[in-house]
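Participant: The amino acid sequence is not available; the structure is as follows:
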């Protein structure tokens, strides 16, 4: 085990919360001078840390504990009827693995996604620097999973391959293909891929009970939530 006690962490000043507007957020970051080691990352993921660009972080708010780390134990996952329909609806999609990179094709899809699905969020308006800094990091464990239908790019799942699971960093997809439920399909595919790789879990980031945009995460059962530094299972 890595001696995590030797690592340095830094907390930000309180700032407006992106998910709960009435709250002030504080974020704890791993020292950015610390090399991005996959084993350290995996251990920190067990403690609720996530990756954004070149940084590992987790919420560290004084008054609020609404952000709850969530993961799916893939060997126990059983798709419900709706999820089986989504998988069947997307059988014509081919998924390939590529190294993270900036291409006009990827960026154009990202722009359409942000402008049509998240124009009310803090990532709007999209720009090239934001896209590159957030997602295009050539780290040895990072992957772009391309979802294509007859060559047409429909989605990109930015995913980290860790010793203890896949970490779903971010997914963006073609907003005009609403019938396909591409965001949900990407999660279902990553659950299946985690199982194929013999990994324990798919890490989904944070679930916030009172945030409507986060509600979809608990539709995947069983799901594990990190509460008081213990992973508990919701069935």
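Facilitator: Nice, thanks for sending it over. Since the structure is predicted, the reported quantities are computational estimates derived from the model, not experimental observations.
Participant: Going by C-alpha atoms from here, please, whenever you check contacts or count neighbours.
Facilitator: OK.
Participant: I'd assumed residue 125 was in a helix, is it?
Facilitator: No: Residue 125 is assigned coil when assessed by DSSP: H, G, I helix; E, B strand; the rest coil, not a helix.
Participant: Need phi/psi at it.
Facilitator: phi -80, psi 150 (degrees, to the nearest 10).
Participant: Which residue ranges of this protein form strands?
Facilitator: 9-11, 15-16, 24-25, 27-30, 50-52, 55-59, 68-73, 94-98, 142-149, 152-162, 165-173, 201-207, 223-227, 230-234 (DSSP state E).
Participant: who does the last one touch, helix- and strand-wise?
Facilitator: Taking 3 or more C-alpha pairs under 8 Å, 6 or more residues apart in numbering; DSSP states H and E as the contact definition, the neighbouring helices and strands of strand 230-234 are strand 223-227.
Participant: So which elements touch the worst-scoring helix or strand of the chain on mean pLDDT?
Facilitator: With mean pLDDT, DSSP states H and E as the measure, the helix or strand of the chain carrying the lowest mean pLDDT is strand 15-16 (a mean of 92). Strand 15-16 sits against strand 24-25, with contacts defined as 3+ C-alpha pairs under 8 Å, 6+ apart.
Participant: Figure out how far the strand it packs on is from the centre of its chain.
Facilitator: Centroid separation for strand 24-25 versus its chain: 21 Å, with C-alpha atoms, centre = their mean, to the nearest Å.
Participant: what's the answer for stretch 71-81, then?
Facilitator: Mean C-alpha position of stretch 71-81 versus that of the full chain (C-alpha atoms, centre = their mean) differs by 17 Å.
Participant: which parts of it are buried?
Facilitator: Using 16 or more other C-alpha atoms under 10 Å as the test for burial, stretch 71-81 gives 71-75, 77, 79.
Participant: Could you export these as JSON lines, including distance to residue 210 and pLDDT?
Facilitator: Listed next are the buried residues of stretch 71-81 as JSON lines, based on distance: C-alpha to C-alpha, whole Å; pLDDT from 0 to 100:
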{"residue": "71", "distance to residue 210": "18", "pLDDT": "98"}
{"residue": "72", "distance to residue 210": "20", "pLDDT": "98"}
{"residue": "73", "distance to residue 210": "24", "pLDDT": "98"}
{"residue": "74", "distance to residue 210": "26", "pLDDT": "98"}
{"residue": "75", "distance to residue 210": "29", "pLDDT": "97"}
{"residue": "77", "distance to residue 210": "25", "pLDDT": "97"}
{"residue": "79", "distance to residue 210": "24", "pLDDT": "97"}
